[in-house]
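Student: I'll drop the sequence and a predicted model, then ask my questions.
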Amino acid sequence: MKRAAAEAALQSVTHGMRLGLGTGSTAAHFVDLLGARVRQGLEVVGVPTSERTRLQAEGLGITLSTLDETPELDLTIDGADEFDASLRLIKGGGGALLREKIVAAASKRMFVIADATKEVETLGAFPLPVEIDRFGARSTRLHIERVARGLGLEGPITLRMSAPDAPYLTDGGHYIYDCAFGAIDAPETLAERLRAIPGVVDHGLFIGLATAIFVAGKDGVRIVGDVTGGAL
Ligand SMILES: O=C(CO)[C@H](O)[C@H](O)COP(=O)(O)O
């Protein structure tokens, strides 16, 4: 299903496009399929959202750039951990949320590719990843707890680990707290308040960024949103 969603989104990619390349297993299908089209002669420039994606795309011969060289993109295609009917997302399960958000925000359009299991009525079943500076991590955690409590949210906040004694480090060298708050009734307010905490670099709530979601189910791929609309 992930591949079917990726295939459907690929139909919108045209010659000369500047593309943001997402991270995760669904995005990896897209990059793989894009690589095959590039081998057939399609010319595009890709800006990867993680080192993982950069290595994959490089290996497939996709021409790559950076946001410094190519600061505006036509389209970003990425996966998500959860999405709702208003095209709000939780991302960061793969640890790339900061670069993913920067790249999506630099794009005229963002297409999300996902299987139908990612669709929720209310965001929050998937623990919300919050990327934080390593300095003062415990203090930042207390601050996150206070912000959450203020919105009636509670639940375990877990430092993501890559080994039993080694915290996971993002490509930017930050930690991630996975916040299992449960249903988030006011994602916009939570997003704003989390961003206001000095130690918080960013969080996995993507609001107002996705323009269309390609949802693959057993009956095919359905599109939520608008494939032609652009934010920039
Ligand atoms: O946000 C992400 C990475 O930071 C991914 O898009 C998200 O975790 C979905 O991954 P997958 O396609 O493997 O289910």
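Tutor: Happy to help now that I have it. Computed from a predicted structure; not experimentally measured. Residues are numbered from 1 along each chain as shown.
Student: Gly229 contacts Thr211, doesn't it?
Tutor: Yes. At 5.0 Å, Gly229 counts as touching Thr211 under the criterion of Cβ atoms under 8 Å. Every residue, glycine included, has its C-beta placed from N, CA and C.
Student: Quick check: buried residues in the strand of greatest length in the chain?
Tutor: Identified as the longest strand of the chain according to DSSP state E is strand 107-115. Going by neighbour count (16 or more other Cβ atoms under 10 Å), the buried part of strand 107-115 is Ser107, Arg109, Met110, Phe111, Val112, Ile113, Ala114, Asp115.
Student: Identify, from those, the entry nearest to Phe126.
Tutor: Ala114 (11.8 Å; Cβ to Cβ).
Student: Which residue is the nearest non-sequential neighbour of the closest one?
Tutor: Once flanking residues are discounted, Ala114 sits nearest to Ala80: 5.4 Å by Cβ to Cβ, 6 or more residues apart in numbering.
Student: pLDDT and distance to the ligand added to the buried residues of strand 107-115, as TSV?
Tutor: Below are those laid out as TSV (pLDDT from 0 to 100; distance: Cβ to the nearest ligand atom, whole Å):
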residue	pLDDT	distance to the ligand
Ser107	98	15
Arg109	97	17
Met110	98	11
Phe111	98	12
Val112	98	8
Ile113	98	8
Ala114	98	7
Asp115	96	8
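Student: Distance to Leu10 for these - can I get that in CSV?
Tutor: CSV is the format used below for the buried residues of strand 107-115 (distance: Cβ to Cβ, whole Å):
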residue, distance to Leu10
Ser107, 16
Arg109, 14
Met110, 15
Phe111, 10
Val112, 14
Ile113, 9
Ala114, 15
Asp115, 16
